[in-house]
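Colleague: got a sequence here, can you build the structure:
(2 chains)
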Amino acid sequence: ETGVTQTPRHLVMGMTNKKSLKCEQHLGHNAMYWYKQSAKKPLELMFVYNFKEQTENNSVPSRFSPECPNSSHLFLHLHTLQPEDSALYLCASSQGGDIDEQFFGPGTRLTVL
Amino acid sequence: AQSVTQLDSHVSVSEGTPVLLRCNYSSSYSPSLFWYVQHPNKGLQLLLKYTSAATLVKGINGFEAEFKKSETSFHLTKPSAHMSDAAEYFCVVSESDSSYKLIFGSGTRLLVRP
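Modeller: Here you go, the predicted structure:
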């Protein structure tokens, strides 16, 4: 186990739905990340939170809205998504600081119909 | 800007034979480099990392990688492949001004034949 859990593992939603992805880390880390993994494309960093503050928004459309209520939990709220948003969404955490290993969760496989 | 190129999208080896997964990087400074592995339906797991110490880096499960500055390469090797090594492998470089920003390669899928 990596110590990072994600729920749900699979999600199918229509373009008008609102849903949320949840990530929890049990490692006492200070930084958390959302990544998007699409078929045949490199992993894309979406958001970074460090000590609950958002430090990176990698030009992500506003239909994706992150929330970090504390250092252990990270959410990704989804609203009016497009079919091209279908992908594996990975959460990661790290201790913070210089060149830290990131620990990844198993991901949520999202399908937008 | 930093970038990383994985030269093979798929590599197929027989069980018990050596593994070589190739990675070249582009960086204007001395980078930190990583190899991650992703098994089906699992998250990414760190195999090894290079952070300007020894150029030959040993990782988990018998994998190692050698940092060659002159060739801008960081190839991943293992002397003898096991069936459980079948997975996707990602070469990763960190950005110069943001240690938490990792730049991922497109991945190499390793197939291990019995």
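
Colleague: just give me the neighbour total for B:T72.
Modeller: By the criterion of other Cβ atoms under 10 Å in any protein chain shown, B:T72 has 15 neighbours. No exception for glycine: its C-beta is placed from N, CA and C like everyone else's.

Colleague: show me where pLDDT drops low in chain B?
Modeller: By pLDDT under 70, the weakly predicted segments of chain B are B:96-99.

Colleague: tell me which residue of it lies closest to chain A.
Modeller: Nearest residue of chain B to chain A: B:G43, at 3.5 Å (Cβ to the nearest Cβ).

Colleague: which residues does the residue nearest to that residue when sequence neighbours are not counted contact?
Modeller: Setting aside the residues directly before and after it, B:G43 is nearest to A:F104 in space (Cβ to Cβ, 6 or more residues apart in numbering or on different chains), at 3.5 Å. Residues near A:F104 by Cβ atoms under 8 Å, 6 or more residues apart in numbering or on different chains: A:2, A:4, A:90-92, B:36, B:43-45.

Colleague: let's see which of those end up in strands.
Modeller: Among those, the ones falling in strands (DSSP state E) are A:4, A:90-92, B:36, B:44-45.

Colleague: middle-most residue in chain B, spatially?
Modeller: Per Cα atoms, centre = their mean, the C-alpha nearest to the average position across chain B is that of B:W35, at 3.5 Å.

Colleague: likewise chain A?
Modeller: Geometric middle of chain A (Cα atoms, centre = their mean) lands on A:W34, at 3.0 Å.

Colleague: model confidence over the helix or strand containing that residue, on average?
Modeller: For A:W34, the host element (DSSP states H and E) is strand A:31-37. The average of the pLDDT scores along strand A:31-37 is 94.

Colleague: near the residue nearest to the residue nearest to the centre of chain B when sequence neighbours are not counted, how many other residues are there?
Modeller: Among residues not flanking B:W35 along the chain, B:L47 sits closest, at 4.3 Å (Cβ to Cβ, 6+ apart). Neighbour count for B:L47, taken as other Cβ under 10 Å: 22.

Colleague: tell me which residues touch B:V11, please.
Modeller: B:19-21, B:108-111.

Colleague: any idea which helix or strand comes after the helix or strand harbouring it?
Modeller: Secondary structure assigned from DSSP H and E places B:V11 in strand B:10-14. Once the chain leaves strand B:10-14, the next helix or strand it forms, by DSSP H and E, is strand B:19-21.
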